[in-house]
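> Coordinates only, no sequence provided:
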């Protein structure tokens, strides 16, 4: 699962029976974002309608990485470069870190002047400016998505800086590998410099992300070291599979060893999109998701099933399309379209507050929720589904088996 602070937004229009075009609904909405109308590196706002608190003017790394991939899928390379160049700027011009790590979130808008700014807000109760402890941290999975975005730019528009940036991130992320069984990459860091807290849990979703990012890096560089790292991440995901329930656990507890059996949608679907042969090997994960996570005409985040999660429904729609299950894909695309927001984006959830089953990392006494507000990530996933573009492979394909 993604350990972000809160929501995730929207998904786009599919006109059943009509051809896919670069000007499809979500692509148009994404490309028309105000922040992309001026030249130069820019981070896109994750939650554009939020006017106060931790999410105001926040640009989450994951959201912006997915947006980069979606802009490439939509044929909007120039705009994809603007966001990709912001990611590179964050690598080079952090206020503290110069070791290949990225933050979970930044201040939306142009990245200059340097250092790259972080989002924050005025806390009246403390009478001071504060920053969110999650946003200033560095989740492993979010950095894997930044790698995927930079590698996609390297393939689509060229430029050695994008490949070099992806490899810099990889060299930092690989240090999070832990050998206590099940061996895998841990969750990254949480909190402020100079000594952020280490996330000692391991995530199925994070290792799924890394399996694809390392595999793409191995292909781009010809370096077998990264292929081995991809296999390590893939092996952790395999260790989270339960034949009894036909599902993946979300990962481990804080000891890095005890399985967390909680059922989350992305932990079921992303391995099928990202890992070679997984769509056949773990086909039962889709059956389990349909039986235990289906809600109305879409999918919920977890087993609470209190509403349709737009981003996740879009992800299943993309998977169905790539599996050739056209009728299922069309039905889910229609469900996503029902969550479209005024102005062309999409709501994170169909209900006002959609529980995930997890607590906020910044305050575990409060539930982590998705809200009925527009969000960049789901808009981007909408575009990916419209274009039948798998961000884990860089095209309209599922991954092939890796040679051993």
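Cool, got the structure. Since this is a predicted model, take the numbers as computed values, not measurements.
> ok, which stretches of the chain are helices?
For the chain, helices defined by DSSP state H occupy the ranges 25-31, 61-73, 77-92, 140-157, 160-173, 204-221, 224-239, 265-274, 278-281, 284-293, 310-322, 326-337, 376-386.
> Make CSV out of the ones you listed and add mean pLDDT, distance to residue 360 and mean neighbour count.
Heads up, the C-betas are built off the backbone N, CA and C, glycines and all. Output for the helices of the chain, formatted as CSV (pLDDT from 0 to 100; distance: least, C-beta to C-beta, whole Å; neighbours: other C-beta atoms under 10 Å):
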stretch, mean pLDDT, distance to residue 360, mean neighbour count
helix 25-31, 93, 28, 24
helix 61-73, 98, 16, 28
helix 77-92, 98, 24, 22
helix 140-157, 98, 16, 26
helix 160-173, 98, 24, 20
helix 204-221, 98, 17, 26
helix 224-239, 98, 25, 20
helix 265-274, 98, 18, 27
helix 278-281, 97, 30, 17
helix 284-293, 98, 22, 18
helix 310-322, 97, 18, 28
helix 326-337, 95, 26, 19
helix 376-386, 93, 18, 32
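> Can you lay out those helices as CSV showing distance to residue 364?
Below are the helices of the chain laid out as CSV (distance: least, C-beta to C-beta, whole Å):
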stretch, distance to residue 364
helix 25-31, 34
helix 61-73, 21
helix 77-92, 28
helix 140-157, 19
helix 160-173, 25
helix 204-221, 19
helix 224-239, 24
helix 265-274, 20
helix 278-281, 32
helix 284-293, 23
helix 310-322, 23
helix 326-337, 31
helix 376-386, 23
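> OK, contacts around residue 256?
Contact partners of residue 256, counting by C-beta atoms under 8 Å, 6 or more residues apart in numbering, are 178, 180, 186, 200, 201, 202.
> can you check residue 104 too?
4, 60, 61, 62, 134, 135, 136, 137, 138, 139, 142.
> Inside strands: which ones of these?
Using DSSP state E, 60, 138, 139 are the members of the contacts of residue 104 that sit in strands.
> I figured the first one hits residue 45, correct?
What it means is residue 60. No. With contact defined as C-beta atoms under 8 Å, residue 60 does not count as touching residue 45 (9.5 Å).
> Could you check which of these two has the larger neighbour count?
Comparing residue 60 with residue 45 by neighbour count (other C-beta atoms under 10 Å), the higher total belongs to residue 60, at 33 against 26.
> Show me what that one bridges to in the sheet.
residue 105 (DSSP bridges).
> pLDDT at it, what is it?
What the model reports for residue 60 is a pLDDT of 98.
> quick one: contacts for the residue nearest to residue 145 when sequence neighbours are not counted?
Setting aside the residues directly before and after it, residue 145 is nearest to residue 65 in space (C-beta to C-beta, 6 or more residues apart in numbering), at 3.8 Å. With contact set as C-beta under 8 Å, 6+ apart, residue 65 has these partners: 87, 142, 145, 146, 148, 149.
> so how far is residue 267 from residue 65?
19 Å (C-beta to C-beta, to the nearest Å).
> on that earlier part again, now render the contacts of residue 65 as JSON lines, adding distance to residue 347.
Below are those laid out as JSON lines (distance: C-beta to C-beta, whole Å):
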{"residue": "87", "distance to residue 347": "26"}
{"residue": "142", "distance to residue 347": "22"}
{"residue": "145", "distance to residue 347": "22"}
{"residue": "146", "distance to residue 347": "26"}
{"residue": "148", "distance to residue 347": "25"}
{"residue": "149", "distance to residue 347": "24"}
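> Residue 54: which of those is nearest?
residue 142 (16.2 Å; C-beta to C-beta).
> Which residues are in contact with that closest one?
If you count contacts by C-beta under 8 Å, 6+ apart, then residue 142 has 2, 60, 61, 62, 65, 102, 104, 188 around it.
> Distance-wise, check it relative to residue 325.
Going from residue 142 to residue 325 by C-beta to C-beta gives 30 Å.
> Check residue 201 too.
Relative to residue 325, and taking C-beta to C-beta, residue 201 is found at 33 Å.
> okay, the two: which has more neighbours?
residue 201 (20 against 15).
> The more buried one and residue 249 touch, don't they?
No. Under the criterion of C-beta under 8 Å, residue 201 makes no contact with residue 249, lying 11.4 Å away.
> Can you check which residues contact both of these two?
Common neighbours of residue 201 and residue 249 (C-beta under 8 Å, 6+ apart) are residue 260.
> burial measure for the nearest residue to residue 86 once chain neighbours are set aside, as a count.
Nearest residue to residue 86, sequence neighbours excluded (C-beta to C-beta, 6+ apart): residue 41, at 4.0 Å. A total of 18 residues lie near residue 41 under the criterion other C-beta under 10 Å.
> which residues touch residue 41?
82, 83, 85, 86, 88, 89, 110, 111, 112.
> Let's see that with 10 Å instead.
Under the criterion of C-beta atoms under 10 Å, 6 or more residues apart in numbering, the contact list for residue 41 reads 81-90, 110-112, 116.
> Return the per-residue confidence for it.
Listed pLDDT for residue 41 reads 98.
> how much space between it and residue 63?
In terms of C-beta to C-beta, residue 41 sits 16 Å off from residue 63.
> Kindly report the same for residue 84.
Using C-beta to C-beta, residue 84 is found at 14 Å from residue 63.
> residues in contact with the residue sitting furthest away from the middle of the chain?
Computed with C-alpha atoms, centre = their mean, the residue of the chain farthest from its C-alpha average is residue 127, at 33.9 Å. Applying C-beta under 10 Å, 6+ apart to residue 127 gives no contacts.
> Just name the closest of the contacts of residue 142 to residue 237, please.
For these, the nearest to residue 237 is residue 2 (15.0 Å; C-beta to C-beta).
> Who does residue 43 form a beta bridge with?
For residue 43, the beta-bridge partners under DSSP bridges are residue 109.
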